[in-house]
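Trainee: Got a predicted structure here, sequence first:
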Amino acid sequence: MKRKKVDLLKIQNVLLSSCPFISFAFIQGPDSSGFIMPPGNIDLAVYLDGTIGTYQALERILPVMTHSVPQVFCELTILNRVDPITRYNVLQKSPLFIREKRENQFSQFVRKTNLDYRVLRAQYRRRGLLSDTNQAMPDPSFILSRENFPPNVKLKI
């Protein structure tokens, strides 16, 4: 099977123009050069601004992705509705984009995710499900820094 080429800039531009209710988005699947290995799919994680419901967002985002990246399956995660572990794992990647004037919302999301994750780790440790030598959950070391923002975002923290 052949690798598929995905234009990340095209996906970013289409989502920014067609889905104004997305505050920021992460994408996983393509490598740094934009290729997807077979069978290949794209994992898109988005944070909604609250102007639209979850199901309405799904109904609008999935057709946009299907049109932008034909013949590639897209898995969509709404970050407003997931657990701290999923949010933390998503934050290990760089965002696809952060909408202008939503940088503060992104910063708050990062801080809340890290706090929730630390609390969860502490609860696991108290129950004996996690020790310092047996780290089933990685230590939350995500630091909000310039390299975690896409190049088009000016840091306002």
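Mentor: Yep, that arrived.

Trainee: What residues are bridge-paired with the residue most central in space within the chain?
Mentor: Centrality entry for the chain: nearest residue to the mean C-alpha point is Phe26, 3.2 Å, by Cα atoms, centre = their mean. Beta bridges link Phe26 to Ala45, Pro95 when assigned by DSSP bridges.

Trainee: So Arg87 belongs to a helix, correct?
Mentor: Yes: Arg87 forms part of a helix when assessed by DSSP: H, G, I helix; E, B strand; the rest coil.

Trainee: The nearest residue to it once chain neighbours are set aside: how many residues sit nearby?
Mentor: Nearest residue to Arg87 in three dimensions, chain neighbours excluded: Thr113, at 4.3 Å (Cβ to Cβ, 6 or more residues apart in numbering). Any C-beta I mention is one placed from the backbone N, CA and C, and that applies to glycine too. Under the neighbour criterion other Cβ atoms under 10 Å, Thr113 is assigned a count of 22.
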